[in-house]
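Colleague: Pasting the sequence and the predicted coordinates here, then a few questions.
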Amino acid sequence: MGTMDSKYVRYQAGIANGRGRYPGLFNLANGLANGGRLSTQDWASWRRSNDHYDAAYLNPSTVDRSIYDHAINPTAEAWFKCTAVHLLVRVEFYTDLLSRYDVEWQVLHSNDPGRLLYEDDVQIIVAPHERE
């Protein structure tokens, strides 16, 4: 399937973490920032970019506190809708940041990434299907 045909896109770690999950783009960038690994300039840019996203769209956990609860939804993943161009256009900041700090990342495209847990106009949260 061509990437232009898919309905959803996810940016995530290139390597699984200790729980066998692939943390998303924001999680990875936040880990760099909270771990004190970013330069002063990169930290300021990261903070500005996070503030932009916080203002641009709703964090699903403000609607449903259980959405990212590891006991309830241990595999929950967020996917952008490909129609959310105003959000996707700024993702490159994060992918560049991760690349510069040697954090492996990948982009996935899907029309059916998993069992739907949450949906709004720009994103879905799913319990992903088992991947090969």
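Modeller: Looks like it arrived, so ask away.
Colleague: Spit out the contact partners of the residue of the chain positioned farthest from its centre.
Modeller: Computed with C-alpha atoms, centre = their mean, the maximum C-alpha offset from the centroid of the chain is found at residue 40, amounting to 23.2 Å. Listed by C-beta atoms under 8 Å, 6 or more residues apart in numbering, the contact set of residue 40 is empty. The way it works is simple: take the backbone N, C-alpha and C, and place the C-beta from them, glycine included.
Colleague: Skip the chain neighbours and tell me the closest residue to residue 75.
Modeller: residue 127 (5.2 Å; C-beta to C-beta, 6 or more residues apart in numbering).
Colleague: Look up the closest residue to the spatially most central residue of the chain, ignoring the ones flanking it.
Modeller: When C-alpha atoms, centre = their mean is applied to the chain, the residue found nearest the centroid is residue 24 (3.5 Å). The spatial neighbour of residue 24 that comes closest, neighbours along the chain excluded (C-beta to C-beta, 6+ apart), is residue 12 at 5.2 Å.
Colleague: On the secondary structure side, give me the element for that neighbour.
Modeller: For residue 12, the host element (DSSP states H and E) is strand 8-13.
Colleague: Dump that strand to CSV, restricted to CA.
Modeller: Written as CSV, here are the backbone C-alpha positions of strand 8-13 (Å, rounded to 0.1, in the frame of the first residue of the first chain):
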residue,chain,number,x,y,z
TYR,A,8,-3.2,7.0,9.8
VAL,A,9,0.5,7.6,10.5
ARG,A,10,2.6,7.0,13.6
TYR,A,11,6.2,8.0,14.5
GLN,A,12,7.8,5.8,17.1
ALA,A,13,11.0,4.3,18.4
